[in-house]
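Trainee: Below: sequence and its predicted model.
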Amino acid sequence: MAEHLTELEKMTKPVLDALRSYQDLPPDKALATLEFEDKKRQYEAAEKRLEEVLQSALE
């Protein structure tokens, strides 16, 4: 029985890990889209800031 339980845990762990990554998403598609766009803007701002820092270091 313990062997069967271990086997089941091995099979379900990847599925549970994948599902956990979706828990932070808002339940509404529109909210998810807004959150995605916000993260995209933050990424672009960070990328621009990195480019500015690298450019100033080269000068």
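Mentor: Structure received.

Trainee: contacts, neighbours, all on C-alpha from now
Mentor: Will do.

Trainee: mind listing the helices in this structure by residue range?
Mentor: Remark: helices assigned in the chain by DSSP state H are 2-20, 29-58.

Trainee: worst average pLDDT in the ones you listed?
Mentor: Per-segment mean pLDDT for those reaches its minimum on helix 2-20, at a mean of 85.

Trainee: Quick one: distance of that helix to the chain centre.
Mentor: Here helix 2-20 is found 22 Å from its chain centre; the criterion is C-alpha atoms, centre = their mean, to the nearest Å.

Trainee: same for that helix, what does it pack against?
Mentor: Using 3 or more C-alpha pairs under 8 Å, 6 or more residues apart in numbering; DSSP states H and E as the contact criterion, no secondary-structure element is in contact with helix 2-20.

Trainee: Show residues contacting that helix.
Mentor: Contacting residues not belonging to helix 2-20 are not present [C-alpha atoms under 8 Å, 6 or more residues apart in numbering].

Trainee: possible to save the helices of the chain as TSV with mean neighbour count?
Mentor: TSV is the format used below for the helices of the chain (neighbours: other C-alpha atoms under 10 Å):
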stretch	mean neighbour count
helix 2-20	10
helix 29-58	12
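
Trainee: Now the residue nearest the centre of the chain. Its backbone dihedrals?
Mentor: Centroid-nearest residue in the chain, with C-alpha atoms, centre = their mean: residue 21, separated by 6.8 Å. Phi and psi for residue 21, reported as degrees, to the nearest 10, are phi -70, psi -20.

Trainee: Residue 35 versus that one, what's the distance?
Mentor: 15 Å (C-alpha to C-alpha, to the nearest Å).

Trainee: one step back: what residues are up against the residue nearest to the centre of the chain?
Mentor: Here residue 21 is in contact with no residues (criterion: C-alpha under 8 Å, 6+ apart).
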